[in-house]
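Asker: the following comprises the amino acid sequence and a computationally predicted model.
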Amino acid sequence: MWAQFLIGVLSLGFFYTLTALGFSLIFGVTHAFNLAHGELIVLSGYLAYGLMKTYGWAFWMTLPLCMLVLTGVLAAMHQVLKKVDEPFALNSLVMTFGMALIAQNVMLFFFSADYRLIPATDAAVFSPFGGVSVTPTHLWTFGLSSAATAAVFLVLHRTFLGKALRATIQEREAARLAGIHVDRMKGVAFAIGGMLIGLAGPLFGRLAYLHPAGGLEATLIAIVITIFAGVGHIRSLLLGACILAALESGAALVLGTNWRELVSALILIMLLLWKPHGLLVGKRSAPEL
Amino acid sequence: MNHLAPSGPMAYGGLDSAPRAVRGRGPKEKGRRGTMPFARLFLRFVFTWALVAGLAHGGYAAAPVRLGAINPLTGKLANHGQEILSGIEVAVDEINEGGGLAGRPVQLVSRDDQSQPETAVNQAQDLIYREKVTALTGGYVDSLVGPISQLALKARIPYVASASLQKDLTLEGKNPFFFRISHLDGVTEPLCRFLPEAMPGKKAAILHAATPGATEFSQVLFQCLRRAGVELPLVEKFRPGTPDFAPFLLKMRSLHADVLISAGFFPDHLILVRQIREQNMPLTAYVGPWGIAYPEFIQQMGPAAENLLGMSAWHPDFPYPGTEESSRRFSETFRAKYGRDPTSTVMHGYTAAKVLLEAMRTVIQQGAPLDGPHIADALRAMDATLPLGRVQFDAKGDPRHYRQVVVQIQNGRLVPVYPADRAQGTWIPMSGPTN
């Protein structure tokens, strides 16, 4: 039972990570609190669903196109947000809330209010240990989330572009004085965020369901995980997501299913009060990526 | 009577507005007498034209009856709300095509509550106080229906809810203007008989959404199943939209519960059933009172939906006995208008609007004022047989004869399996890991 519980916790944690990765990166670099994040994930899911239903594409085949399209959507979003005046954080929040409502209604128009599922057609079960089942959906979750987290980590730590992005996150004005084109870094963050959202969408449609109003859940997950792990802390995101998943699932197992949201809400409030920079962030003044 | 719909509004619009225009300009005309002869001539012409046009077309001689409908057309419950609205539209069309309510056309004023109770209240206020509707209908889930029923009581206008279960809403008959065509007993009673009969000696778990109707359903079912000797080691609630049920399923495994009664909604079943199938849960039965018995659910889940049990009040393939012909006509009309098969939810919307409109017709034919108290009296006296079944309200506004049937998805089709007099097949246990 406990081994199966662990598989479930890890799967949920990796799913949370992929859902939050794009949000965290965009927020860290641009300070745009993207409330349309969940709607964009759902949009990517709908795109994958349409490709699978209409053209019979396999699940993995939809991923590159979803990443490409969402990169374009996020680039357009960046162009709109560039016109937002100060205070940027507050105005971007209002602006993206409006975008979320527009996205919901556009999806309602094109995809109707029906619930959609991305089918798990390859749903064979592996039992590597006695009585413990690992499904292909588990494997997709582990694989996609690990790959995305590793790729973002490598870009940030092994490339010059990554250094510039980290510098922008740590101290924007100092980065500008050092010759980093901060506005361009924002565009890069939106582009990478778009790819990550594009990757998360099909998985979201496979693990949950697609509905025009279903993006709120994903946005909430992204906000909670980002605050839990610390804003802009990509490395901590996976660990934080797994810890939160363990706490939620543990509460559901021991106390009851209705306690899982209460636990995450309590953790969020306590973090905002006692560790506003994130549970996994030390006392260093500048965020360490 | 097809000419009535297009010509009607023009006709009574003309008759209504022309005299007001003449009366409204009376004092001005006194001051300008002799200076605007063409204006007076023009008004006379318009008035005469409208009168002649109205009479010539045989249009409605009276103002339309305004019927308000509030449903979740966007948000999480949008698909259910849109289905209910389409049923209401069919009922209104049917009345208008038949000449209206004693010659008065019915004008449907629809509002979207966005699946939010506070929006439902705002929209109900708008319909009652600004749009001046005569009555209200529609609504899905008690959290949206309940606040509207209180506003209806305050404004003394009748509200016939299409989908409501919570007993407290009609308790002690404290709201004489609230009626509903569904009732919790109509869902729990068949299940309370079916489960002990079909699955003796099984351990059952109940998982219900944290909504008023689902919570009450769970409590009632728990008590009646306990009385029937069913062992219930696990009862839990969850917030609709929960993404992961793995811990609950683990507990079910450890407690060896092999029947799951899941009082969630359509999207919750999508997640829960998929997780059950992926984890090869050895279940004998999965029962979902709401959200399972829909073609869309079967389509989305595919083979994973096989042998799931649900509840249905009506279906084109198994209408209420004695209503086969009216059900067939309704289904044909609906398919022609919307291009798809009607569902049980559609029928709930249709029935709510239909009984309300028929009650209004009765009031008009009796020559009584078309107001809340008279319509409510007509609803209490109503005894009609519609495709959903016999509709008669008790003193509290609850339906006397509302009963759902237990259905099972077999080979991609919904098959009624209980009660025996409605059954078209026998129920099949979920065959566990290999299914």
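Answerer: In hand now; what should we look at? For clarity, every value in this text was computed on a predicted model and none was experimentally measured. Numbers count the residues shown, from 1 in each chain, chains lettered A, B, ... in the order given.
Asker: how about the strands in the chain?
Answerer: No chain in the question, so chain A it is. Here chain A has its strands, by DSSP state E, at A:126-129, A:132-134.
Asker: can you look at chain B instead?
Answerer: Using DSSP E, strands in chain B cover B:65-71, B:106-112, B:135-140, B:159-163, B:178-180, B:203-209, B:231-238, B:259-263, B:285-288, B:309-312, B:383-386, B:389-392, B:405-410, B:413-418.
Asker: among those strands, which is nearest A:H78?
Answerer: strand B:106-112 (31.9 Å; C-beta to C-beta). Any C-beta I mention is one placed from the backbone N, CA and C, and that applies to glycine too.
Asker: on that earlier part again, comparing the strands of chain A by mean pLDDT, which bottoms out?
Answerer: Among the strands of chain A, strand A:126-129 carries the lowest mean pLDDT, at a mean of 62.
Asker: chain center to stretch B:298-317: distance?
Answerer: For stretch B:298-317, the separation from the chain centroid amounts to 19 Å (computed by C-alpha atoms, centre = their mean, to the nearest Å).
Asker: what of stretch A:1-11?
Answerer: In terms of C-alpha atoms, centre = their mean, the centre of stretch A:1-11 is found 21 Å from the chain centre.
Asker: contacts for it?
Answerer: For stretch A:1-11, the external contacting residues (C-beta atoms under 8 Å, 6 or more residues apart in numbering or on different chains) are A:129, A:131-134, A:137-138, A:141-142, A:242, A:245-246, A:249, A:253, B:244, B:246-247, B:250, B:253-254, B:279.
Asker: can you rerun that using 10 Å?
Answerer: A:128-135, A:137-142, A:145, A:207, A:241-250, A:252-253, B:244-247, B:249-251, B:253-254, B:275, B:279 (C-beta atoms under 10 Å, 6 or more residues apart in numbering or on different chains).
Asker: what residues sit buried inside it?
Answerer: A:4-5, A:7-11 (16 or more other C-beta atoms under 10 Å in any protein chain shown).
Asker: tell me the one of those nearest chain B?
Answerer: The closest of the buried residues of stretch A:1-11 to chain B turns out to be A:G8 (C-beta to the nearest C-beta; 3.7 Å).
Asker: low-confidence ranges in the stretch 101-250 of chain A?
Answerer: Low-confidence segments of the stretch 101-250 of chain A (pLDDT under 70): A:121-131, A:231-232.
Asker: let's see 80
Answerer: Low-confidence segments of the stretch 101-250 of chain A, defined by pLDDT under 80: A:113, A:119-133, A:228-235.
Asker: check contacts around residue 273.
Answerer: As the question left the chain open, I've gone with chain A. By C-beta under 10 Å, 6+ apart, A:L273 has no neighbours at all.
Asker: you looked at the wrong chain, it should be chain B
Answerer: By C-beta under 10 Å, 6+ apart, B:V273 lies in contact with A:117, B:245, B:260, B:262, B:281, B:286, B:288, B:292, B:297, B:301, B:304-305, B:308.
Asker: output the longest helix belonging to chain A.
Answerer: When chain A is parsed with DSSP state H, its longest helix is helix A:2-30.
Asker: now do the contacts for the residue nearest to B:L356 when sequence neighbours are not counted.
Answerer: Excluding the flanking residues, the one nearest B:L356 by C-beta to C-beta, 6 or more residues apart in numbering or on different chains is B:V160, at 4.5 Å. Residues near B:V160 by C-beta under 10 Å, 6+ apart: B:135-139, B:152, B:177-181, B:351-357, B:359, B:375-376, B:379, B:391, B:393, B:397.
Asker: what sits closest to B:F238 if chain neighbours are left out?
Answerer: The spatial neighbour of B:F238 that comes closest, neighbours along the chain excluded (C-beta to C-beta, 6+ apart), is A:T257 at 4.2 Å.
Asker: neighbours of the one you found, how many?
Answerer: Burial measure for A:T257: 22 neighbouring residues, criterion other C-beta atoms under 10 Å in any protein chain shown.
Asker: rewinding a little: distance to B:G68 for the contacts of B:V273 - can I get that in a markdown table?
Answerer: Shown next, in a markdown table, are the contacts of B:V273 (distance: C-beta to C-beta, whole Å):
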| residue | distance to B:G68 |
| --- | --- |
| A:L117 | 35 |
| B:F245 | 38 |
| B:L260 | 39 |
| B:S262 | 34 |
| B:M281 | 45 |
| B:Y286 | 38 |
| B:G288 | 31 |
| B:I292 | 31 |
| B:F297 | 30 |
| B:M301 | 36 |
| B:A304 | 40 |
| B:A305 | 36 |
| B:L308 | 36 |
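Asker: farthest pair in these?
Answerer: The most widely separated members of these, counting by C-beta to C-beta, are A:L117 and B:L260 (19.4 Å).
Asker: dihedrals phi and psi, the residue nearest to B:F238?
Answerer: Main-chain torsions, A:T257, degrees, to the nearest 10: phi -60, psi -30.
Asker: quick check: it touching B:P240?
Answerer: No. A:T257 lies out of contact with B:P240 (C-beta atoms under 10 Å); the separation is 11.5 Å.
Asker: what is in contact with the two at once?
Answerer: B:A210.
Asker: any low-confidence regions in the stretch 101-250 of chain B?
Answerer: B:170-173, B:241.
Asker: contact residues of it facing chain A?
Answerer: Residues of the stretch 101-250 of chain B found near chain A (C-beta under 10 Å from any C-beta of the partner chain) are B:114-115, B:207-210, B:234-239, B:241-250.
Asker: which residue is nearest the middle of chain B?
Answerer: Nearest to the geometric centre of chain B sits B:S162, at 2.7 Å (C-alpha atoms, centre = their mean).
Asker: the closest residue to that residue other than its chain neighbours: what's it in contact with?
Answerer: Computed as C-beta to C-beta, 6+ apart, the closest residue to B:S162 that is not its neighbour in sequence is B:A352, at 3.9 Å. Going by C-beta under 10 Å, 6+ apart, B:A352 touches B:69, B:84, B:87-88, B:91, B:136-139, B:159-164, B:179-182, B:388, B:391.
Asker: redo that, cut-off 8 Å
Answerer: With C-beta under 8 Å, 6+ apart, B:A352 has these contacts: B:84, B:87-88, B:137-138, B:160-162, B:180-181.
Asker: same deal with B:R156?
Answerer: So B:R156 contacts B:177, B:371-373 (C-beta under 8 Å, 6+ apart).
Asker: switch to 6 Å and redo it
Answerer: The contact partners of B:R156, by C-beta atoms under 6 Å, 6 or more residues apart in numbering or on different chains, come to B:G372.
Asker: quick check: it vs B:L370, distance?
Answerer: Per C-beta to C-beta, to the nearest Å, B:R156 is found 13 Å from B:L370.
Asker: now B:V355: how far from B:A381?
Answerer: With C-beta to C-beta as the criterion, B:V355 and B:A381 are 11 Å apart.
Asker: with neighbour numbers in mind, choose between the two.
Answerer: For B:V355 versus B:A381, the count of surrounding residues by other C-beta under 10 Å is larger for B:V355: 25 against 11.
Asker: the more buried one and B:V391 touch, don't they?
Answerer: Yes. B:V355 is in contact with B:V391 according to C-beta atoms under 6 Å; the separation is 5.4 Å.
Asker: what's the pLDDT at the nearest residue to A:L47 once chain neighbours are set aside?
Answerer: In space, and not counting its chain neighbours, A:L47 is closest to A:C66: 5.3 Å by C-beta to C-beta, 6+ apart. A:C66 is assigned a pLDDT of 95 by the prediction.
Asker: next up, the contacts around A:C66.
Answerer: A:44, A:47-48, A:198, A:201-202.
Asker: likewise B:I95?
Answerer: Going by C-beta under 6 Å, 6+ apart, B:I95 touches B:106, B:357.
Asker: just B:A423 next, same as before
Answerer: If you count contacts by C-beta under 6 Å, 6+ apart, B:A423 has them with B:416-417.
Asker: how close does it sit to B:M430?
Answerer: B:A423 is 19 Å from B:M430, where distance means C-beta to C-beta.
Asker: check A:I227 too.
Answerer: Distance of A:I227 to B:M430, computed by C-beta to C-beta: 41 Å.
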